[in-house]
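In: got a sequence here, can you build the structure:
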Amino acid sequence: MNMNTPLISIVMGSSSDKAALQGAIDLLDEFEIGYELQVQSAHRTPEAMMEYAKAALTRGVKIIIAAAGGAAHLPGMIASLTTLPVIGVPVPLKNLSGLDSLLSIAQMPAGVPVATVGIANSKNAALLALRILATHDSKIEEKLVRFQANQKDLAQKQNQELS
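Out: Numbering: from 1, shown residues only. The predicted model follows:
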């Protein structure tokens with residue numbers, strides 16, 4: 001866990017979901033952005049999850065990344081309890097390979113928005129969170145510009161290697 005002030009909360013329904021969140025964890029460490037990492041289950045500990053979501057804003061959290069598999073209620077439940085942006089990461093499970101999770105997170109009712117990234121694509125969740133933070137933080141924006149330039153350089157290098 002990054003020890004800076006947590007700007008981002010990374011929440012999962014079970015510790016087994018951590019593997020699907022590793023991309024976000026690694027990227028936030030690379031960007032030196034403070035985050036908190038928690039297990040909060042919408043089904044097994046709903047009262048604790050509700051308290052956690054309601055208090056996120058008062059802890060200084062700006063964005064919540066929530067991973068869930070199966071019924072995938074966690075991102076939507078959290079979004080219903082806070083005004084913070086919530087980014088859902090569908091977790092692939094044995095049956096249906098995460099398609100059920102993707103559809104559950106993406107099909108939120110009107111009035112309860114949850115941004116949704118691809119199945120197990122927590123790196124994109126972290127990048128989206130960083131882009132939101134960068135609207136008010138020029139240092140994060142500068143790091144994103146460098147990140148994008150590195151992505152371009154990598155693609156060009158790969159293309160050269162094919163020739």
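In: only the buried residues of the helix or strand where Leu144 lies, if you could.
Out: Assigned by DSSP states H and E, Leu144 belongs to helix 138-162. Of all the residues in helix 138-162, those buried under the rule 16 or more other Cβ atoms under 10 Å are 140, 143-144. Quick note: C-beta positions are derived from backbone N, CA and C, even for glycine.
In: tell me, how many residues neighbour Leu27?
Out: As a burial measure, Leu27 scores 19 neighbours (other Cβ atoms under 10 Å).
In: can I take it that it is in a strand?
Out: No: Leu27 is assigned helix when assessed by DSSP: H, G, I helix; E, B strand; the rest coil, not a strand.
In: list the contacts for the closest residue to it other than its chain neighbours?
Out: Nearest residue to Leu27, sequence neighbours excluded (Cβ to Cβ, 6 or more residues apart in numbering): Ala126, at 4.2 Å. Contacts for Ala126 (Cβ atoms under 8 Å, 6 or more residues apart in numbering) come out as 8, 23-24, 27-28, 31, 65.
In: what strand or helix carries Ala126?
Out: For Ala126, the element it lies in under DSSP H and E is helix 122-134.
In: nearest to Ala71 among the contacts of Ala126?
Out: Of all those, Ala71 sits closest to Ile65, with 18.4 Å by Cβ to Cβ.
In: from Pro6, how far off is the closest one?
Out: Noted for Ile65: a distance of 12 Å to Pro6, by Cβ to Cβ, to the nearest Å.
In: which one's more surrounded, those two?
Out: Shown here are Ile65 and Pro6; by other Cβ under 10 Å, Ile65 has more neighbours (29 against 20).
In: what is the helix or strand Glu30 falls within packed up against?
Out: Using DSSP H and E, the element containing Glu30 is helix 18-31. Packed against helix 18-31 by the contact rule (3 or more Cβ pairs under 8 Å, 6 or more residues apart in numbering; DSSP states H and E) you find strand 8-12, strand 35-39, strand 63-69, strand 86-91, helix 122-134, helix 138-162.
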